[in-house]
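[1] What follows is a predicted structure for the sequence shown.
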Amino acid sequence: MNRFLIVFCTVLFGASTAAALSQTTPAPQMSRILSLQERAALQDSILELRLQRLAPELMRREGIDMWVIIGREYHEDPVLKTMLPATWLSARRRTILVLFDKGSNSDAKSGGVERLAVARYDVGTAGKFFRSAWNPAKQSDQYKRLAELIAERVPKRIALNRSTDFAHADGLTETEYQAFLKALPTEFHSRIVSGERLSVGWLETRLPEEMRYFPELCKITHAIIAEGFSREVVKPGVTTTEQMEWRFRERINALGLQTWFHPSVSIQRADPIANTTAPASAKPGSETIQEGDVLHVDIGISYLGLNSDVQQHAYVLKRGETDVPAGIKKAFANANRTQDILLKQFKTGATGNMMLKAALEQAAKEGIKATIYTHPIGAHGHAAGPSIGMWDMQAGVPGAGDYPLFPNTAYSIELNAETAIPEWDGKPLRIMLEEDAFFLNDQAGVQYLDGRQLSMILIKP
């Protein structure tokens with residue numbers, strides 16, 4: 001870990017990673033948002049560590065000695081985007097990155113992996129990330145230069161980002177693939193393999209240094225929700241769900257952050273006519289918030305090259321009420337229990353479908369009507385890694401659900417539990433929770449990055 005990163009993380013984030021990964025509901029406090037320049041410096045420091053440590057580890061794990069990543073400006077491979085400096089907002093014309101494993105003893109600084117850019121420019125100052133290996137004045141054809149580099153190194157297995165199950169690992173377009181094949185000597189064609197597992201591994205795996213600030217992103221998200229679900233913002237009989245959605249988005253923008261999807265606010269209430277358990281695809285239009293409503297929000301924020309995804313609930317107290325009705329408390333407890341059940345299924349090597357099946361079976365044994373649709377999170381909101389159900393695929397997710405769980409990976413623990421509410425004449429309430437968590441290893445298990453919601457946020461009328 002370089003000196004800059006040690007000082008940066010210590011000053012800004014203070015508490016240890018273990019303390020940050022707490023299981024309790026934290027006080028909603030807004031962390032300081034870093035300037036764009038501070039963010040860029042931190043992100044580039046992390047990228048340097050990932051290329052030095054993670055790239056060699058994954059290439060050797062998957063038996064790949066050359067990884068070729070190709071993308072064009074504004075149509076970048078998802079993996080390529082994560083290997084560019086923070087000041088590069090897109091690729092430059094056609095950018096080709098080559099990682100070649102020369103062996104663990106060849107170069108300690110690079111982890112033994114040579115990093116070349118078949119591009120007009122170094123990637124990073126003085127080739128810090130990838131050194132330019134193409135001079136158009138000497139070889140005008142970019143793909144012929146790539147072929148020369150490959151022939152010089154004679155790799156045994158050449159990984160290209162082509163995948164059936166993961167869009168994140170399918171970034172090589174057909175046009176570029178055919179141009180690559182045309183330039184590559186035929187003797188190397190049989191050595192081309194899919195870079196699917198290599199790409200997914202790169203995108204899903206988090207270094208300890210990254211986990212020093214990932215919890216800060218979740219803390220910021222929680223603080224924004226707490227601000228919105230407050231007496232100062234919600235005025236029963238006046239405030240609408242659409243106003244709340246835009247209020248959340250404007251707040252995120254005002255903080256200098258971005259949301260990777262439009263925030264969603266919805267209502268469930270005792271009214272027997274209101275359609276309160278429809279799937280997201282059937283979400284009703286804007287509604288006016290009333291006393292006695294259960295509010296739900298879904299928000300995801302992008303910051304420091306990572307993403308959050310959180311769903312929480314609030315209850316609008318009726319006049320004379322001081323707490324949530326007992327039936328709603330029971331419904332919330334059922335959803336929390338479903339989270340507990342799911343987290344116990346996280347074991348290295350277990351597939352998403354295996355974890356889904358075991359969790360749903362246990363929930364059913366306990367009389368909980370649960371739906372689980374947990375997904376990886378990190379460089380993308382709906383990120384690469386094992387899918388643990390989808391809301392409309394409770395029997396398993398073909399392909400992505402068959403991918404195994406690896407250590408050092410993060411997940412949005414997303415699910416719901418439906419419970420009949422006596423105070424609502426037996427009408428069901430669906431508690432839809434989502435909290436970001438980290439699976440370190442089998443010994444440490446899964447821990448929430450900034451706690452989880454254990455009870456309704458109360459909004460006084």
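    The structure has been received and is ready for your questions. Numbering: from 1, shown residues only.

[2] contacts and neighbour counts: CA atoms only from here.
    Will do.

[3] so E232 is in which element?
    Element membership of E232 [criterion: DSSP states H and E] is none; it lies in no helix or strand.

[4] for it, phi and psi?
    phi -70, psi -30 (degrees, to the nearest 10).

[5] how much space is there between it and R319?
    Distance of E232 to R319, computed by C-alpha to C-alpha, to the nearest Å: 17 Å.

[6] Also Y74?
    Relative to R319, Y74 is positioned 54 Å away (criterion: C-alpha to C-alpha).

[7] can you check E62 too?
    Counting by C-alpha to C-alpha, the gap from E62 to R319 is 61 Å.

[8] higher neighbour count, these two?
    E62 (14 against 10; other C-alpha atoms under 10 Å).

[9] Tell me the pLDDT of the more buried one.
    E62 is assigned 97 on the pLDDT scale.

[10] got any ranges where the stretch 201-350 of the chain has weak pLDDT?
    Low-confidence segments of the stretch 201-350 of the chain, defined by pLDDT under 70: 273-284.

[11] What are the boundaries of the strands in it?
    Taking DSSP state E, counting those that start in this stretch, the strands of the stretch 201-350 of the chain run over residues 258-259, 264-268, 294-299, 301-303, 306-307, 310-316.

[12] what's the spacing between the longest one and its chain's center?
    Taking the mean C-alpha point of strand 310-316 and that of its whole chain, the gap between them comes to 21 Å (C-alpha atoms, centre = their mean, to the nearest Å).

[13] Next: the third one.
    In terms of C-alpha atoms, centre = their mean, the centre of strand 294-299 is found 19 Å from the chain centre.

[14] got the CA coordinates for it in CSV?
    What follows is strand 294-299, C-alpha atoms only, in CSV (Å, rounded to 0.1, in the frame of the first residue of the first chain):
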residue,chain,number,x,y,z
VAL,A,294,-45.5,2.8,4.8
LEU,A,295,-42.9,4.5,2.5
HIS,A,296,-40.3,2.7,0.5
VAL,A,297,-37.2,4.1,-1.2
ASP,A,298,-34.7,2.6,-3.6
ILE,A,299,-31.5,4.6,-4.2
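
[15] Now do it: which elements does it pack against?
    If contacts are counted by 3 or more C-alpha pairs under 8 Å, 6 or more residues apart in numbering; DSSP states H and E, strand 294-299 sits against strand 264-268, strand 310-316.

[16] Report the central residue of the chain.
    With the centre of the chain defined as its mean C-alpha position, the nearest residue by C-alpha atoms, centre = their mean is I377, 1.9 Å away.

[17] how deep is the nearest residue to I252 once chain neighbours are set aside tucked in, by neighbour count?
    Once flanking residues are discounted, I252 sits nearest to Q258: 6.3 Å by C-alpha to C-alpha, 6 or more residues apart in numbering. Other residues lying near Q258 total 18 when counted by other C-alpha under 10 Å.

[18] Check H313 too.
    Neighbours of H313 under the rule other C-alpha under 10 Å: 24.

[19] Quick check: chain neighbours aside, which residue is closest to D323?
    Excluding its sequence neighbours, the residue lying closest to D323 (C-alpha to C-alpha, 6+ apart) is L317, at 7.1 Å.

[20] According to the record, where do the domains of this protein fall?
    The domain map for the chain lists 39-194, 210-459, with the assignment taken from automatic domain parsing.

[21] Export these as JSON lines, with columns for distance to W202.
    JSON lines is the format used below for those (distance: least, C-alpha to C-alpha, whole Å):
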{"stretch": "domain 39-194", "distance to W202": "7"}
{"stretch": "domain 210-459", "distance to W202": "9"}
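
[22] Tell me the bridge partners for P404.
    On DSSP bridges, the residues paired with P404 through beta bridges are T351.

[23] Following element in sequence after whichever strand or helix holds Y177, please.
    Taking DSSP H and E as the criterion, the element that holds Y177 is helix 174-183. Tracing the chain C-terminally past helix 174-183 and defining elements by DSSP H and E, one meets strand 192-194 next.

[24] Tell me which residues of that next one come out buried.
    Of the residues in strand 192-194, those with enough neighbours to count as buried (16 or more other C-alpha atoms under 10 Å) are 192, 194.

[25] which residues does the residue nearest to V324 when sequence neighbours are not counted bridge with?
    Once flanking residues are discounted, V324 sits nearest to Y315: 6.9 Å by C-alpha to C-alpha, 6+ apart. Residues in a beta bridge with Y315, per DSSP bridges, are V294, L458.

[26] what secondary structure does the residue nearest to M83 when sequence neighbours are not counted sit in?
    Leaving aside its chain neighbours, M83 sits nearest to L47 (6.9 Å; criterion: C-alpha to C-alpha, 6+ apart). When states are read from DSSP: H, G, I helix; E, B strand; the rest coil, the local structure at L47 comes out as helix.

[27] mind checking pLDDT for L47?
    The per-residue pLDDT reported for L47 equals 96.

[28] Count the residues that sit near it.
    20.

[29] How about the one 5 residues further on?
    Other residues within reach of Q52 by the criterion other C-alpha under 10 Å amount to 20.

[30] Could you measure from it over to H296?
    Q52 is 42 Å from H296, by C-alpha to C-alpha.

[31] again, but for T338
    According to C-alpha to C-alpha, T338 stands 18 Å off from H296.

[32] Likewise for R197?
    Distance check for R197 against H296: by C-alpha to C-alpha, it reads 36 Å.

[33] tell me how far the helix of greatest length in the chain is from the chain's mean position?
    Of all the elements of type helix in the chain, the one with the most residues (DSSP state H) is helix 326-343. When distances are taken as C-alpha atoms, centre = their mean, helix 326-343 is centred 24 Å away from the chain's centroid.

[34] neighbouring contacts of the very next helix or strand once past that helix?
    Moving toward the C-terminus from helix 326-343, the next helix or strand (DSSP H and E) is helix 352-365. Helix 352-365 is contacted from outside by 338, 341-342, 345-346, 369-372, 386-389, 394-397, 400-405, using C-alpha atoms under 8 Å, 6 or more residues apart in numbering.

[35] same thing but 6 Å
    When contacts are taken as C-alpha atoms under 6 Å, 6 or more residues apart in numbering, the neighbours of helix 352-365 outside the stretch itself are 341-342, 345, 386-388, 396, 401-402.

[36] Could you pull out the buried residues of it?
    For helix 352-365, the buried set under the neighbour-count rule, 16+ other C-alpha under 10 Å, comprises 352-357, 359-360, 363.

[37] which helices and strands does the helix or strand that comes right after it pack with?
    From helix 352-365 onward toward the C-terminus, using DSSP H and E, the following helix or strand is strand 369-372. Under the contact definition 3 or more C-alpha pairs under 6 Å, 6 or more residues apart in numbering; DSSP states H and E, strand 369-372 sits against strand 409-421.
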